[in-house]
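[1] what's the 3D shape of this:
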Amino acid sequence: MDTTRYELPSQGTSLLGYIVRRLHKTEWLSPVGELVARGDCTQALERVAVFTAASSTSYGRAYYRPEFNRKGDTFSEPDPATGAAITAHLESDSPHYRIAYEVFMPNGDTFQGNEEITGTTVGWRGLGMPAPSLFSFTSASYLAELTGVITSELAPALRGGTRIRAYGFLNLKDNAGNSGKLDLNRQGMLKMDVNGQLLEYDLPRLEKIQP
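    Below you'll find the predicted structure:
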């Protein structure tokens, strides 16, 4: 599937609708509760981190610019793959766009995020929209927190018009004593250090790169 075609459907969508569609990757969260139950919190944090990065931006063709929402607007749409209930809410549109979203998994696990689009930067690489963000995932007694800045970028391309991509970082930690950092580049390569162990993912494909 062309991921951005799903996130930017041909019938059009709003900014909140686009964000909710980005969050339709909750299959990555489905095993987390079971991982925690058997004591594998390191892998649980890894899966939460990959989901967070993947749902924070897009890689692919920018078919159009979503319609802007008004302050107070809310959009909800379940993830068809898991049935997770997902809602995004525009808390503020001035001076910055501040967006909150929630994911309620069928097993009771929850994911919450807040991002603030602080403006735009213009450079030879494209138009950047940095978004300082805070995320959390809760499963029973387990809590993971992620903070950082993900910058979405609209970049001109020789073929296929404007492209969406992103770069940035997230600091990771959980209440089981695990910690680390995630770095994301414009090519969609994700490098993550958890407790000193280096992990790599091809984020657009959501595939782990084996050493």
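
[2] Secondary structure class of residue 34, three-state.
    Put simply, residue 34 is helix when judged by DSSP: H, G, I helix; E, B strand; the rest coil.

[3] any idea how far residue 186 is from it?
    34 Å (C-beta to C-beta, to the nearest Å). Every residue, glycine included, has its C-beta placed from N, CA and C.

[4] between these two, who's got more neighbours?
    residue 186 (15 against 12; other C-beta atoms under 10 Å).

[5] list the contacts for that one?
    Applying C-beta atoms under 8 Å, 6 or more residues apart in numbering, we find residue 186 in contact with 125, 153, 155, 165, 166, 167.

[6] Please identify which of these is nearest to residue 95.
    Lowest distance from residue 95 to these (C-beta to C-beta) belongs to residue 153, with 21.2 Å.

[7] Please enumerate the helices of the protein.
    3-7, 15-22, 32-37, 41-55 (DSSP state H).

[8] mind exporting the longest one as PDB, just the C-alpha atoms?
    What it means is helix 41-55. What follows is helix 41-55, C-alpha atoms only, in PDB (Å, rounded to 0.1, in the frame of the first residue of the first chain):
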ATOM      1  CA  CYS A  41      10.200  -4.500  28.900                       C
ATOM      2  CA  THR A  42      13.200  -3.700  26.800                       C
ATOM      3  CA  GLN A  43      11.400  -5.100  23.700                       C
ATOM      4  CA  ALA A  44       8.200  -3.400  24.800                       C
ATOM      5  CA  LEU A  45      10.000   0.000  24.800                       C
ATOM      6  CA  GLU A  46      11.400  -0.800  21.400                       C
ATOM      7  CA  ARG A  47       8.000  -1.400  19.900                       C
ATOM      8  CA  VAL A  48       6.500   1.700  21.500                       C
ATOM      9  CA  ALA A  49       9.400   3.800  20.200                       C
ATOM     10  CA  VAL A  50       9.000   2.500  16.600                       C
ATOM     11  CA  PHE A  51       5.300   3.100  16.700                       C
ATOM     12  CA  THR A  52       5.800   6.600  18.000                       C
ATOM     13  CA  ALA A  53       8.200   7.600  15.300                       C
ATOM     14  CA  ALA A  54       6.200   5.900  12.500                       C
ATOM     15  CA  SER A  55       3.000   7.600  13.600                       C
END
